Every structure is written in structure tokens, then in C-alpha cells.
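Undergrad: Here is a sequence together with a model predicted from it:
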Amino acid sequence: METVTRFAPSPNGPLHLGHAYSAIVAHDIARERGGRFLVRIEDIDGARSRAEFAESALTDLQWLGLKWDGEAIRQSSRIANHADALDRLKAMGLVYPCTCTRAQIAAAASEVGPDGPVYPGTCRHAGTDPDAPAAWRLDMAQAMALTGPLTWIDELAGEQEARPDLFGDVVLARKDAPGSYHLAVTLDDARDGITLVTRGADLFASTHVHRLLQALLGLPVPRWHHHALLVEESGEKLAKRRGSPALSDRRAAGEDGLALAADIRGGRFPDGLSLSGLEIGRENP
Ligand code: GLU
Ligand code: ZN
């Protein structure tokens with residue numbers, strides 16, 4: 001089967017070296033395997049997403065010498081598809097409206113999952129008015145009962161037992177966007193024919209939820225490649241405000257993007273950055 005990978009940045013800010021690394025990994029795997037490399041701009045966060053960041057991300061990729069196949073895809077053009085999938089889950093009785101605020105959830109939650117406090121289930125049987133400002137949450141226990149146990153394969157970490165239960169009743173849609181990150185990325189990867197989802201190991205746990213959504217919605221199941229993250233000398237996750245300039249600033253300063261890409265490929269990372277040896281997948285479900 002042809003390998004199809006993608007780089008899927010959210011245009012909420014400028015790309016930095018961690019994004020460059022991620023894009024290079026996705027691009028090079030596709031090229032090595034004679035496959036295709038796609039770029040998808042995940043611009044559905046109406047409050048944070050900006051057209052300038054999307055444009056500049058594409059220019060950054062060209063500057064690095066990365067060519068993608070076809071037109072860059074805009075996630076915002078897929079919103080009707082996200083809404084349809086949400087409707088199907090509603091018809092299956094697997095999602096319910098939730099009107100809780102973040103503060104209410106933080107106060108009532110007793111566990112912390114990969115995305116933060118695990119929703120305590122307050123609205124699950126509350127008969128919340130679906131017309132009130134609401135998020136739609138997946139009834140995790142019901143959904144998992146329907147699919148039974150699931151597994152998925154990370155090329156680096158091996159076969160994984162899906163543990164979406166760690167997330168509790170995840171948000172699949174918000175009033176202002178019919179697809180949350182989890183729902184939108186799963187649907188779009190299927191629609192784009194992605195066979196190998198390449199992304200940073202910080203999103204490893206999210207795959208548990210994506211695998212469940214694939215089973216519920218009858219979507220094809222790709223493989224995953226969660227790569228190590230670029231971290232600061234201290235071992236901390238790369239933070240834009242410290243030291244390392246955005247790719248667009250490097251570009252504006254006249255740096256050679258091809259030379260930077262060659263350095264990244266050779267494991268010579270600027271600004272004291274290094275790849276985290278942390279194998280998130282193996283340690284942390
Ligand atoms: N759009 C997400 C981000 O920028 C990544 C999506 C993914 O690779 O699954 O963090
Ligand atoms: Zn609620």
C-alpha cells in the first residue's frame with residue numbers, strides 16, 4: 001500500500017524548529033517509501049487561528065525545501081463533514097450536550113487525564129438543553145462497550161492497546177466548531193487517505209481516542225509514527241518565548257532554509273536543542 005503522510009499545523013502562531021523537525025520527518029518518510037506527503041492547515045479554531053500564520057507556515061515549508069503533493073488542504077473546508085459525523089454519533093446516542101465551564105469541571109474532577117482534568121460526568125444524564133451553549137461529549141463507557149477492545153500500531157513503539165478510557169468523556173464538538181481536534185483530525189486523516197499518521201510523541205495518547213472514533217464511524221485504520229520531540233537543553237518542551245526564533249524570523253534574517261533542513265536531518269539542532277530520548281509511548285499509555 002502506498003504510504004501517505006501529512007504535516008498538519010494549527011495556524012495559531014508561527015512555526016518553530018519543532019514544527020520543522022516534524023514536517024521533515026513526515027516528508028522524508030513519504031519520499032523514502034515512494035509515497036505522498038500532504039500538508040493540512042488545521043484552521044478550525046476560530047478564536048486562535050489566523051490566515052497570516054497559515055500563509056507563513058506554507059512559506060516556511062518551501063523555504064526548508066519541502067514540497068507537498070497537491071494543494072495544501074484547509075481543515076475549515078471540511079466542517080460540514082465534521083458536522084455530519086457528529087450527527088451520526090448523536091443518532092447513535094453516543095454523545096450528549098455539556099454546559100459545564102472549565103472551572104466547574106476542574107472543581108469537580110478527581111482524576112487528570114492526558115488532556116487535563118477528566119470530566120466527572122455531570123451532564124451525562126442531566127437532560128441538558130441541547131440549544132444552550134454546549135459542548136458535545138462522547139459517552140466513553142457506552143462507546144467502548146459498543147466497539148469492544150481495540151488496538152493500534154505505532155511504527156516505533158509497536159502495538160498498543162487502545163485506552164480511550166484515560167480521557168473520560170472527551171469533547172467531540174463545541175458550539176463554535178462542529179469538530180474538536182480529536183474528531184476533526186480523525187475524519188480528515190481518513191478523508192485524505194493518510195496511511196501513516198506522523199506527529200510528535202506529545203500526541204501519542206490522543207491516538208487512543210482517534211482509534212475509538214475510527215471504530216465508531218467505520219473509518220479506515222492507518223498506522224502511526226509518533227516521533228521524539230525537540231526539547232530545550234533543560235529537557236523542557238520547546239517554548240517559543242525562550243531562545244529559539246520562529247522559522248519566519250530565521251527566514252527574514254536571511255538564514256538558509258536548505259542548510260537548516262540538512263542540519264536537522266543530520267541531528268545538528270540549533271539553539272542548544274536536542275531530541276528528547278523520552279519514549280512517551282512506552283512509558284505512559
Ligand atoms: N494540528 C495539530 C497541532 O498543530 C496536530 C495534529 C496532528 O498532527 O495530529 O498540534
Ligand atoms: Zn457538563
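TA: Yep, it's here. Ligands and ions are numbered 1, 2, ... in the order given.
Undergrad: Any idea which helix or strand in the chain has the lowest mean pLDDT?
TA: Taking mean pLDDT, DSSP states H and E as the measure, the chain has helix 280-283 as its least confident helix or strand, at a mean of 44.
Undergrad: now for the top helix by length along the chain, which elements pack on it?
TA: If you go by DSSP state H, the chain has its longest helix at helix 17-32. Counting contacts by 3 or more C-beta pairs under 8 Å, 6 or more residues apart in numbering; DSSP states H and E, helix 17-32 packs against strand 4-7, strand 36-41, helix 51-63, strand 196-200, strand 223-227, strand 230-231, helix 247-252, helix 257-265. C-betas here are computed from N, CA, C, even on glycine.
Undergrad: between the ones you listed, which gets nearest to Met92?
TA: Of all those, it is strand 196-200 that lies closest to Met92, at 24.4 Å by C-beta to C-beta.
Undergrad: Please name the strands paired to the closest one in the sheet, noting orientation.
TA: Sheet pairing of strand 196-200 (DSSP bridges) gives strand 223-227 (parallel).
Undergrad: Please give me every residue in contact with Leu275.
TA: Leu275 makes contacts with Tyr21, Ala228, Leu229, Leu230, Val231, Gly267, Phe269, as judged by C-beta atoms under 8 Å, 6 or more residues apart in numbering.
Undergrad: How about the secondary structure of the residue in the stretch 101-250 of the chain that ligand 2 sits nearest to?
TA: Residue of the stretch 101-250 of the chain nearest ligand 2, by C-beta to the ion: Cys123 (3.2 Å). Under the three-state scheme (DSSP: H, G, I helix; E, B strand; the rest coil), Cys123 adopts coil.
Undergrad: Got the confidence number for it?
TA: With respect to pLDDT, Cys123 has a value of 93.
Undergrad: ok, back up a step: residues contacting the longest helix of the chain, please?
TA: Defining contact as C-beta under 8 Å, 6+ apart, one finds that helix 17-32 is touched by 3-7, 9, 35-37, 57, 60-61, 64, 66-68, 196, 198-200, 225, 227, 229-230, 238, 244, 247, 260-261, 264-265, 269-271, 273, 275.
Undergrad: show me which of the residues you listed neighbour ligand 1.
TA: Among the contacts of helix 17-32, the residues lying close to ligand 1 (C-beta under 6 Å from any ligand atom) are Pro9, Arg199.
Undergrad: show me what contacts the nearest residue to Arg48 once chain neighbours are set aside?
TA: With sequence-adjacent residues excluded and distances taken as C-beta to C-beta, 6 or more residues apart in numbering, Arg48 is closest to Asn12, at 4.2 Å. Shown in contact with Asn12 (C-beta under 8 Å, 6+ apart): Asp45, Arg48, Ser49, Arg50, Phe53.
Undergrad: Closest residue of the stretch 101-250 of the chain to ligand 1?
TA: Nearest to ligand 1 in the stretch 101-250 of the chain, going by C-beta to the nearest ligand atom, is Arg199, at a distance of 3.5 Å.
Undergrad: isn't that residue right up against Thr5?
TA: No: look at Arg199 against Thr5 with C-beta atoms under 8 Å: they stay out of range, at 9.6 Å.
Undergrad: what about these two, which has more around it?
TA: Shown here are Arg199 and Thr5; by other C-beta atoms under 10 Å, Thr5 has more neighbours (26 against 21).
Undergrad: In contact with that one: list those residues for me.
TA: Thr5 touches 26-27, 29-30, 35-38, 194-198, 225, counting by C-beta under 8 Å, 6+ apart.
Undergrad: what distance separates the longest helix of the chain from the centre of its chain?
TA: 15 Å (C-alpha atoms, centre = their mean, to the nearest Å).
Undergrad: again, but for stretch 149-159
TA: 17 Å.
Undergrad: Report the buried residues of stretch 117-135.
TA: Buried positions in stretch 117-135, judged by neighbour count with 16 or more other C-beta atoms under 10 Å: Pro117, Val118, Tyr119, Pro120, Gly121, Thr122, Cys123, Arg124, Thr128, Ala134, Ala135.
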